[in-house]
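[1] Sharing a model prediction with you, sequence too.
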Amino acid sequence: MSIIEGGGIYIYRSYPNIENCIIFDNESNSGNGGGIYSYITTHTSSTISEQFEIINTKIYNNIANNEGGGIYIRYDRGNYSGQVEHFPKITNSLIFGNASIKGGGIFIKYDSGMSTSAPAYIINSIIYNNSSSGYGGGVYVSSPTTSSSYQMHLYIINSNIYGNDASNGGGICSLYSKLIVTNSILWSNSGKTTPDQIVDINNTKTSLYEPEVSFSNIQYGYSNAAGLPGVSIIASDPRFVNPDFGNFRLLADSSCIDSGTAVNAPLTDIEGNPRPLNNGIDIGAYEIDKDNANNPPIADAGADQSVFDKIILDGNLSFDPDNDPISYQWVITSRYDSNYYETASGLNPEISGLSSGFYDVTLSVSDNSKAVSTDTLFFAAAGKAYTQEQLYQAVADAQTACDLIVSSRDLTILELNEEISTQNEIMSTMYTQDEYDIAVNKAKGDADMFVIPVRVPCPE
């Protein structure tokens, strides 16, 4: 649905728990909060003590034409002391595929008439593939002034922020706020700079505003504006099972396993598994039993080949270390024909009707957990097979026919014969004649048969 603010849910000075819900395909067409809009204040009544929490909820494919594509939270503390606090908390939730101008996934704004800071929490949650045309593809947090007395402290604990995009601050963008990031993974977020996982746009670069990042996996690593590094930062690939399919569990060889800190870590992970399961807390939203963790399959597409007009692909050398069943997906493209794109599945698919040219093949092998590995091969296709006598005729005819494989002005018969091996096996010699790539092959077992897959222009 499409309304001014709070496309899915509109909350004003209330403190509900949103739990076990799915909020999707909503739009705030001229305001904030495509999925959820929440305006939270302190309260004078001591009987109202609930926190505003989003728990075990999916929020996806929502749009805000201003701020907070998935979630918009405005926390207004007012200017009265002694009131009951309602700090926002997002736990065990998935926020993905949302879009806005600021804070594609989550936008948190702190307003205060009091000289005091306030916390907000994102715990055991995954924020991925959100986008912002401005700041903060995954998360945007802002506070009202440069004074630390009016500052939002955003704690991001055991969470994954992945694949978000913005013009600035692809992962997280902070304005006059304090970020405390612990046991979390920020990877593949993009913006106008590299790295763009965490961007602090405070005008005053002091320790009061600099993010505190520790025991986390940050692409390209992390150092603050003063050049001081984070604490116990891992910069290597976190090794998710398959983030393209939304599977952010860790593979058995991930450096994030047992590398977190127990300080402020939740007692369970996003699925309710206890923390820790092994020798320490894992970084990220999932806790993994390393002894029983999934190992990805190993893809092997076989050796490069030279063929005529068909190829039989062979994935027999692929295997799964856990002996799980695996599936095979092949993609075949031509180096010379950008419109050629073929797919196939199975262990030994056959691709026929190939024209003369060079081809690239990518094999993707996946297991039951959708863990994927890939391998590639190259092959040269003749499209036709010529005897030596036919080859001479083909060269002569190539002056007037545009479907033949070689032109006498590009490669003479004498040069051709000098390049062909005398061994009874497929041999390939790659070299450039003028502007064309030329592969000369001898077909196994037949001294009179030659394969010449080349690209040549159609004679005018």
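    That came in fine, so what should we check first?

[2] Hmm, residue 178 is touching residue 209, no?
    Yes: taking CB atoms under 8 Å as the definition, residue 178 is a contact partner of residue 209 at 6.4 Å. From N, CA and C alone the C-beta is placed, and that goes for glycine too.

[3] Below-threshold pLDDT in the stretch 151-300 of the chain: ranges please.
    For the stretch 151-300 of the chain, the stretches flagged by pLDDT under 70 are 193-195, 203-208, 226.

[4] mind listing the strands in it by residue range?
    152-157, 160-162, 172-175, 178-182, 185-187, 198-200, 212-214, 217-218, 240-242, 247-250 (DSSP state E, counting those that start in this stretch).

[5] Save the ones you listed as CSV, and put in mean neighbour count and distance to residue 5 too.
    As requested, the strands of the stretch 151-300 of the chain are exported to CSV (neighbours: other CB atoms under 10 Å; distance: least, CB to CB, whole Å):
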stretch, mean neighbour count, distance to residue 5
strand 152-157, 24, 21
strand 160-162, 28, 25
strand 172-175, 28, 21
strand 178-182, 22, 26
strand 185-187, 27, 29
strand 198-200, 23, 26
strand 212-214, 20, 33
strand 217-218, 26, 34
strand 240-242, 21, 34
strand 247-250, 21, 31
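
[6] Now render the ones you listed as a markdown table, adding distance to residue 69.
    Shown next, in a markdown table, are the strands of the stretch 151-300 of the chain (distance: least, CB to CB, whole Å):
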| stretch | distance to residue 69 |
| --- | --- |
| strand 152-157 | 17 |
| strand 160-162 | 14 |
| strand 172-175 | 13 |
| strand 178-182 | 20 |
| strand 185-187 | 18 |
| strand 198-200 | 18 |
| strand 212-214 | 24 |
| strand 217-218 | 23 |
| strand 240-242 | 23 |
| strand 247-250 | 20 |
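
[7] Determine which of the ones you listed approaches residue 234 most closely.
    Nearest to residue 234, of all the strands of the stretch 151-300 of the chain, is strand 217-218, at 4.4 Å by CB to CB.

[8] which residue ranges form the helices in the protein?
    Using DSSP state H, the helices of the chain run over 388-397, 413-419.

[9] where among those is the average confidence lowest?
    Ranked by mean pLDDT, the helices of the chain bottom out at helix 413-419, with a mean of 34.

[10] State the distance from residue 33 to residue 303.
    Distance, residue 33 to residue 303, by CB to CB, to the nearest Å: 56 Å.

[11] Between the two, point out the one with more neighbours.
    The neighbour comparison of residue 33 against residue 303 (other CB atoms under 10 Å) goes to residue 33, with 33 against 10.

[12] List the single closest residue to the more buried one in space, sequence neighbours excluded.
    Spatial nearest neighbour of residue 33, chain neighbours left out: residue 72 (3.4 Å); criterion: CB to CB, 6 or more residues apart in numbering.

[13] surely that neighbour meets residue 32?
    Yes: using CB under 8 Å, residue 72 is in contact with residue 32, at 4.2 Å.

[14] Give the residues shared as contacts by the two.
    Residues touching both residue 72 and residue 32 (CB atoms under 8 Å, 6 or more residues apart in numbering): 5, 6, 64, 107.

[15] of these, closest to residue 98?
    residue 64 (7.8 Å).

[16] Just to check, the closest one is in contact with residue 100?
    Yes: with contact defined as CB under 8 Å, residue 64 counts as touching residue 100 (4.0 Å).

[17] Common neighbours of those two, please.
    Jointly contacting residue 64 and residue 100 under the rule CB under 8 Å, 6+ apart are 32, 34, 107.

[18] ok, now which ones touch the first one?
    Looking back up the chat, that one is residue 32. Taking CB under 8 Å, 6+ apart, we find residue 32 in contact with 5, 6, 64, 66, 67, 68, 72, 74, 100, 107.

[19] 7 Å instead, please
    Residue 32 sits next to 5, 64, 66, 67, 68, 72, 107 when contact means CB atoms under 7 Å, 6 or more residues apart in numbering.

[20] Could you save the residues you listed as TSV and add columns showing distance to residue 161?
    Formatted as TSV, the contacts of residue 32 follow (distance: CB to CB, whole Å):
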residue	distance to residue 161
5	25
64	19
66	22
67	18
68	16
72	18
107	14
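
[21] Now, the residues you listed that are in strands?
    64, 72, 107 (DSSP state E).

[22] Quick check: the first one vs residue 17, distance?
    Look at residue 64 and residue 17: by CB to CB, they are 22 Å apart.

[23] So those two - more neighbours on which side?
    A count of neighbours by other CB under 10 Å puts residue 64 above the other of residue 64 and residue 17, at 33 against 14.

[24] residue closest to the middle of this structure?
    residue 163 (4.7 Å; CA atoms, centre = their mean).

[25] in terms of contact, does that residue touch residue 188 like I think?
    Yes: the pair residue 163 / residue 188 is scored as a contact, 4.8 Å apart, by CB atoms under 7 Å.

[26] can you list the domains in the chain?
    Dividing the chain into domains by automatic domain parsing, as the record does, gives the ranges 2-291, 305-381, 386-451.

[27] what are the phi and psi values for the spatially closest residue to residue 196 that is not a sequence neighbour?
    In this structure, residue 196 finds its nearest non-sequential neighbour in residue 170, 4.4 Å apart by CB to CB, 6+ apart. Listed backbone geometry of residue 170 is phi -60, psi -40, with angles given as degrees, to the nearest 10.

[28] on that earlier part again, of the shared contacts of residue 64 and residue 100, which is the nearest to residue 370?
    Nearest member of the shared contacts of residue 64 and residue 100 to residue 370, counting by CB to CB, is residue 34, at 28.3 Å.

[29] ok, and the closest non-adjacent residue to that closest one?
    Distances taken as CB to CB, 6+ apart place residue 62 nearest to residue 34, at 3.4 Å, with adjacent residues excluded.

[30] quick one on the thing from earlier: residues in contact with the residue nearest to the centre of the chain?
    Per CB under 7 Å, 6+ apart, neighbours of residue 163: 128, 129, 188, 189, 243.

[31] now do residue 106
    Here residue 106 is in contact with 68, 70, 71, 95, 127, 139 (CB under 7 Å, 6+ apart).

[32] now residue 231
    Contacts for residue 231 were tallied using CB under 7 Å, 6+ apart; they are 214, 215.
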